[in-house]
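Participant: Whatever this is, show me its structure:
(3 chains)
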Amino acid sequence: MTAPGAPGSAGAWWGTEDVCVRFGDTLALNDVWFRAEPGRVSAVVGGDGAGRTTLLRCLAGALAPTSGRVRRPIPLETGYLSAGSGVYPDLSVTENLAFRATAYRVPAQQARERGAELLARAGLDRVGDRLAGQLSGGMRQKLGVIAAMLHHPDLLVLDEPTTGVDPVSRADLWWLIARAAAGGAAVVLATSYLDEAERAHDVLVLDAGTVLATGTADQIVAAMPGTLTVASARPAGEAGRGAWRREGRWRVWNPTAADTAGAIAPDLQDAVTVAILARELALVPAAGASR
Amino acid sequence: MTELPVQAVAVTRAFGHFVAVDQVDLQVRPGEVVGLLGANGAGKTTLIRLLLGLLRPSGGEIRLFGEPPSRRTRARIGYVPQGLGLYDDLTVGENLAFSAAAFGEGPGAAALPGPLLRYGDTVVGALPLGVQRTAAFAEALAHRPDLLVLDEPTSGVDPLARARLWETVAGAAAAGAGVLVTTHYMDEAGECDRLVVMAAGRVVARGTAREIAGDARISVVQAESWAAAFGALEAAGLPVALVGRTLRVPGAPPDAVRRALGDLPAAVASAPATLEERFFELTLSSAQTEARRDRRP
Amino acid sequence: MWAMIVKEFRQLRRDRRTLAMMIVMPVVLLIVFGYAASFDVTTIPTVAAGPEAGQVTHLVGEPFHVVATEPSQGRAWAEQQLRDGNAAVAVVTGSGRPQVLIDGSQLFTAKAAIAELSAAAAKAAVKGAAAGGQASPPASQPQPVVTVLYNPDLNTSDIMIPGLAGVVLVFVGTIITSLGVVRERQSGTLEQLAVMPLKPRDVFLGKIGPYFAVAALDLAIVVSVGVGLFGVPFRGSLAVFALGAVLFLFVTLGLGVLISSVSENQGQAIQLSLMVTLPQILLSGLIFPLASIAVGVRWISYLLPLTYFNEIARGVMLRAEPLAPLWQPFVLLALLGAVVFTLASLRFRADLAPAAPRRGAGSPRRPESARGAPGTTSATSAVGTPGTRSAG
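Facilitator: Numbers count the residues shown, from 1 in each chain, chains lettered A, B, ... in the order given. Next comes the predicted model:
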């Protein structure tokens, strides 16, 4: 069992520096700087195509970047959950874990005990003999995460472990994640749920391969430019371009607001939406009424 | 008498011994957005398939626009399944054309809405997920349905794109369609006029998000060393959730939490439960009742 | 309904593999049945031995084609020529009636030879009868003694079952293996393998190992049943046969892995496997004798591994052919095996290496465009130690 490195201890980090990844003529990642520290959970958020999976694959060692540096542990000390659970659908739960244990050279006895404990806590103890392909989506993801952390990796990379998963399984998954971090691993997870990203220690926001924002959730929110107000309908004209719908009402963003009358306190989701919107508006010149 | 888009009464569906949907009542009124929440295996998908006429109920009654599900009612429904239902190897334009023809609409229905114009000739498989979802919506709305059924319509998409999809949904509702939506994003529960929470095939809660969250409260722990606190609460058998640097313990009053922590330096307070935590509680307690009947999850 | 038709056409237009199959398959079959599928034998390689060997050339006409004459050699040499597959018919002259030995393991050639000889004998009898009905034997040559070696009853099963053994190896080796490896790609676990501390070589060998074992078992069963139930002889060396089988397996397994490396799902893998397997069954000499296949098309046969294994299997099982005269098919199999296996392991390694991104790996809802040339690996990747690292 690895002794946890004190968070923030000088020099102990995994991550990327100025990493670019090019697929043909598409730049999937552009100068991405990212740092993950032991004992912490870092979230990577962004829409589809933003480059989250590409970044995670670089961290896990499944992809070599076109340029830049990746700092990662040896394969033996890395755990990876690819998008799509990465477990064999035609092997049982216990067989899947046995394969991982052998591949990562975990002594059989230790693997059995740790596996049994994690499975029990995640609610999978009764389905040890069931084929992974017959598990529900949430249970399969839980198995995938357990398989990825079975060998106590120093770096645990999880690609969307909770997407499409029911809230109960999601709670179990977060328990597993917290457990891994408590054990000293640096956990990096990609998610499309911003409330989850808020639970992480720090957040990286990607959009079209570049970094939109980085830091703790509070820092990102504090760095949000302009102010946010709430309206019951989309404002007409120019102001309407900076508005979006949320929970039945409309958020209206004013990039250059000086007065904060009626402004609400944004949360991470608001800040991220603003960041994406700001980039979009800067790219698209004002052209009549939108839509 | 106005015909409701959906009127389901005591609907039940069993597969052998396994009861997937158990005495469910559900209504969707024109212009209303109803959110269906539930864990996987709670019966949401089965219920939707029953409403669409893909399955027959074992018991109870389903009426769509006043009649049982049929090909005629199908023509008034727009459905976006989880898998989107688009052909990956056809372009957006070709997909819309096929759907328009299948619903007996003229070529006007295959017209691309503004945001999709630039993608009209791109094969769907080559498009980012957000655009695919927009296309699936466009296809479902092209024949001006009176009932919109959406299964996890915004999964995996960035918040701005999600907001835009919900704009489309709200627009359809404003135009008079009834909308039934399933989702896992708790904040989207706020987009719905009403929520129906399912667990183990039954409806366990109804109402607005606020009503359902109700007065439930949980304990919040702020500790110097969250890892140690985590371990202590674990050892005491309490369910713990990590949020940033704080720990949230649903279903346990602050003094029970205090006891479990022993003399670990920590601040314990009470706080209102979020909808998600309340949902978690509801599902858990239902599972406990369920465990008495031997049932596969 | 019309909309459905239009949609299917549009999808078909984009599905290049199915299109290829729909066009290529009929063409292949046409070629095969036009030029290859024939049981007619036009040339029968013959050798002559014994003192009057030189005369044999004049005495036998088409389709017999004398390829060697050895007046100093006798029956033993002639038999060896047949055993080594150098000829299908041997005429041994000497005192007494000439002996004609026919290789029964080349079924259709043998039948053609027998038919020719019967016709000639009938002609001679007619000639003799026409020459005055004398009771004396015909003035030309004495009637030869015809012996069919190796397959005296001219059984079809005797010559089919050795070849069938090869078909089994093709089936398991190529089709089943390609499915097994593609399944990994489909279930998204290939990427997991890529990040595990496993050597690509271990993964590769570990993956094909079971198929190798199963194929070997299948082969043993087919041969045992053939020998035990159908009475197919196994006259030659088990070791030579086994060596041939192992070499052949390398080729077919390698093909299976190669096919899987260019297929994204099991459907594609099966399509490609079939396209590769069908010509082998039709053109390898298994059903239609090589000698009957038009020369213009026969070059394809010489590219197919099953052709060589067929030769080895028949030679060893029916004629007890030893290793030495079989050097050609062995060497060619070994060569094919080396090429295919190397290509296969290179491509497999590329799948597992952290370089070229592959389109469609795993998740179907994430079309991160991965078209285009693999990225250069000029990037530096610091692996192993960060600044400070806690002891594990």
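
Participant: Write out the residues of the stretch 151-300 of chain C neighbouring chain A.
Facilitator: Residues of the stretch 151-300 of chain C lying near chain A by C-beta under 8 Å from any C-beta of the partner chain: C:187, C:188, C:189, C:191, C:192, C:194, C:195, C:196, C:197, C:198. For every residue, glycine as well, the C-beta is placed using N, CA and C.

Participant: Which pLDDT does the model give the closest residue to the last one other than its chain neighbours?
Facilitator: Right, residue C:198. Distances taken as C-beta to C-beta, 6 or more residues apart in numbering or on different chains place residue A:103 nearest to residue C:198, at 5.8 Å, with adjacent residues excluded. Each residue has a pLDDT score; the one for residue A:103 is 92.

Participant: And for residue C:377?
Facilitator: Turning to residue C:377, the model gives it a pLDDT of 29.

Participant: Point me to the residue of the stretch 151-291 of chain A nearest chain B.
Facilitator: residue A:247 (3.0 Å; C-beta to the nearest C-beta).

Participant: Other residues contacting stretch C:331-351?
Facilitator: By C-beta atoms under 8 Å, 6 or more residues apart in numbering or on different chains, the residues outside stretch C:331-351 that reach it are C:181, C:185, C:190, C:194, C:200-201, C:203-204, C:244, C:247-248, C:250-251, C:253-255, C:257-258, C:261-262, C:305, C:308-309, C:312, C:356, C:358, C:374.

Participant: Give me the phi and psi angles of residue 123.
Facilitator: Defaulting to chain A. phi 80, psi 20 (degrees, to the nearest 10).

Participant: Chain B is the one I meant
Facilitator: With angles defined as degrees, to the nearest 10, residue B:123 sits at phi -70, psi 140.

Participant: Residue B:93 is in contact with that one, correct?
Facilitator: No - shown here, residue B:123 and residue B:93 do not form a contact pair, counting by C-beta atoms under 8 Å, at 10.3 Å.

Participant: pull the CA atoms of stretch C:168-179 into PDB?
Facilitator: Output of stretch C:168-179 as PDB, limited to C-alpha atoms (Å, rounded to 0.1, in the frame of the first residue of the first chain):
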ATOM      1  CA  VAL C 168     -10.300 -27.300 -40.600                       C
ATOM      2  CA  LEU C 169      -7.100 -25.500 -39.900                       C
ATOM      3  CA  VAL C 170      -8.100 -22.700 -42.200                       C
ATOM      4  CA  PHE C 171     -11.500 -22.400 -40.400                       C
ATOM      5  CA  VAL C 172     -10.100 -22.300 -36.900                       C
ATOM      6  CA  GLY C 173      -7.000 -20.500 -37.800                       C
ATOM      7  CA  THR C 174      -8.400 -17.700 -39.800                       C
ATOM      8  CA  ILE C 175     -12.000 -17.200 -39.200                       C
ATOM      9  CA  ILE C 176     -12.300 -18.000 -35.600                       C
ATOM     10  CA  THR C 177      -9.100 -16.300 -34.700                       C
ATOM     11  CA  SER C 178     -10.100 -13.100 -36.500                       C
ATOM     12  CA  LEU C 179     -13.300 -13.100 -34.500                       C
END
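
Participant: And the average pLDDT for it is what?
Facilitator: Here the average pLDDT along stretch C:168-179 is 84.

Participant: for stretch B:173-186, same thing?
Facilitator: Stretch B:173-186 shows a mean pLDDT of 87.

Participant: do stretch C:266-279 as well
Facilitator: Mean pLDDT, stretch C:266-279: 85.

Participant: So what touches it?
Facilitator: Contacts to stretch C:266-279, defined as C-beta under 8 Å, 6+ apart, come from residues C:17-18, C:20-21, C:24-25, C:28, C:32, C:170-171, C:174-175, C:178-179, C:182-183, C:186, C:255-256, C:259-260, C:262-263, C:300, C:304.

Participant: and those residues, which are buried?
Facilitator: C:21, C:28, C:32, C:170-171, C:174-175, C:178-179, C:182-183, C:186, C:255-256, C:259-260, C:263, C:300, C:304 (16 or more other C-beta atoms under 10 Å in any protein chain shown).

Participant: measure whichever residue of the stretch 201-350 of chain C sits closest to chain B to residue C:252 for me?
Facilitator: Relative to chain B, the nearest point of the stretch 201-350 of chain C is residue C:264 (11.5 Å; C-beta to the nearest C-beta). In this view, residue C:264 and residue C:252 are 22 Å apart by C-beta to C-beta, to the nearest Å.

Participant: next one: residue B:87
Facilitator: Where residue C:252 is concerned, residue B:87 sits at a distance of 36 Å (C-beta to C-beta).

Participant: same deal with residue B:77?
Facilitator: In terms of C-beta to C-beta, residue B:77 sits 52 Å off from residue C:252.

Participant: likewise residue A:183?
Facilitator: Applying C-beta to C-beta to residue A:183 and residue C:252 gives a distance of 47 Å.

Participant: Pick out whichever of those two has more residues nearby.
Facilitator: Ranked by neighbour count (other C-beta atoms under 10 Å in any protein chain shown), residue A:183 and residue C:252 place residue C:252 first, with 30 against 19.

Participant: Kindly export whichever helix or strand the more buried one is part of (C-alpha atoms) in PDB.
Facilitator: Per DSSP states H and E: residue C:252 is located in helix C:238-261. Extracted as PDB, the C-alpha positions of helix C:238-261 are listed here (Å, rounded to 0.1, in the frame of the first residue of the first chain):
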ATOM      1  CA  LEU C 238       3.600 -38.400 -38.200                       C
ATOM      2  CA  ALA C 239       6.400 -36.000 -37.600                       C
ATOM      3  CA  VAL C 240       6.500 -34.700 -41.100                       C
ATOM      4  CA  PHE C 241       2.700 -34.300 -41.100                       C
ATOM      5  CA  ALA C 242       2.800 -32.500 -37.800                       C
ATOM      6  CA  LEU C 243       5.600 -30.200 -39.000                       C
ATOM      7  CA  GLY C 244       3.500 -29.300 -42.100                       C
ATOM      8  CA  ALA C 245       0.500 -28.700 -39.900                       C
ATOM      9  CA  VAL C 246       2.400 -26.400 -37.500                       C
ATOM     10  CA  LEU C 247       3.800 -24.300 -40.400                       C
ATOM     11  CA  PHE C 248       0.400 -24.100 -42.000                       C
ATOM     12  CA  LEU C 249      -1.200 -23.000 -38.700                       C
ATOM     13  CA  PHE C 250       1.300 -20.200 -38.500                       C
ATOM     14  CA  VAL C 251       0.100 -18.900 -41.800                       C
ATOM     15  CA  THR C 252      -3.600 -19.200 -41.000                       C
ATOM     16  CA  LEU C 253      -3.400 -17.800 -37.500                       C
ATOM     17  CA  GLY C 254      -1.300 -14.900 -38.800                       C
ATOM     18  CA  LEU C 255      -4.000 -14.300 -41.500                       C
ATOM     19  CA  GLY C 256      -6.600 -14.300 -38.800                       C
ATOM     20  CA  VAL C 257      -4.800 -11.700 -36.700                       C
ATOM     21  CA  LEU C 258      -4.200  -9.600 -39.800                       C
ATOM     22  CA  ILE C 259      -7.800  -9.700 -40.700                       C
ATOM     23  CA  SER C 260      -8.800  -8.600 -37.200                       C
ATOM     24  CA  SER C 261      -6.400  -5.700 -37.300                       C
END
